[in-house]
Structures are given as structure tokens and as C-alpha cells.
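S.K.: Structure of the sequence below:
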Amino acid sequence: MKVGDLVVNKDYQSHASFVPARLIVQTTIGGNGGREGRYDKRYIILEDDPDNWRPAKNFFVVSHA
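M.R.: Okay, here's the model as predicted:
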């Protein structure tokens, strides 16, 4: 996933033609560090909710940028 892609939450995958797609405005890699010290989780930030980081694994691309 990259900036400019239109995505839909995987929960609505079977209804993707009816659910409005959302625009990715930023992508990032982060995590809690934990004992492993790894930062391996990918997050996306959507245009309509810029203060909420969402796990990229919960979305799928319906239209590439």
C-alpha cells in the first residue's frame, strides 16, 4: 500500500462495490518495540481520519494510485 491508494476495510470485503473507498494520505512502519525491539507493523493514515493510525493488514486496495 502507498499514498494515494484507495482502500476498504477487510470487514467489508464482500461488499466492496457498495462501501466507499478511503484515500491513504500517509504510510508508516511502527510498533511498540517490546522485548524484541522490532518495529515491524505497517500502519496507514486515512484522509477522513488523520489522527488515527490504522493497521494496514486490516485493509485491501481497491484502486492503486
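S.K.: List the buried residues in stretch 47-56.
M.R.: 53-54, 56 (16 or more other C-beta atoms under 10 Å). C-beta: built from backbone N, CA, C; applies to glycine.
S.K.: between the residues you listed, which is closest to Lys2?
M.R.: Closest approach between the buried residues of stretch 47-56 and Lys2, by C-beta to C-beta: Ala56, at 10.4 Å.
S.K.: Enumerate every residue touching the closest one.
M.R.: Ala56 makes contact with 1, 27, 42-44 under the criterion C-beta atoms under 8 Å, 6 or more residues apart in numbering.
S.K.: what mean pLDDT does the lengthiest strand in the chain have?
M.R.: If you go by DSSP state E, the chain has its longest strand at strand 22-30. Averaged across strand 22-30, the pLDDT comes to 91.
S.K.: Run the chain-centre distance for it.
M.R.: Computed by C-alpha atoms, centre = their mean, to the nearest Å, the chain-centroid distance of strand 22-30 equals 6 Å.
S.K.: And the contacts of Ala56, which two are furthest apart?
M.R.: It's Met1 and Tyr43 that sit farthest apart of the contacts of Ala56, by C-beta to C-beta, at 10.0 Å.
S.K.: joint contacts of these two?
M.R.: Common contacts of Met1 and Tyr43 (C-beta under 8 Å, 6+ apart): 27, 56.
S.K.: Below-threshold pLDDT in the chain: ranges please.
M.R.: Applying pLDDT under 70 to the chain flags residues 31-40.
S.K.: how deep is Leu6 tucked in, by neighbour count?
M.R.: Using other C-beta atoms under 10 Å, Leu6 has 16 other residues around it.
S.K.: pretty sure it contacts Phe59?
M.R.: No: in this structure, Leu6 is not within contact of Phe59 by C-beta atoms under 8 Å, at 10.0 Å.
S.K.: All the helices of the protein, residue numbers only.
M.R.: Secondary structure of the chain (DSSP state H): no helices present.
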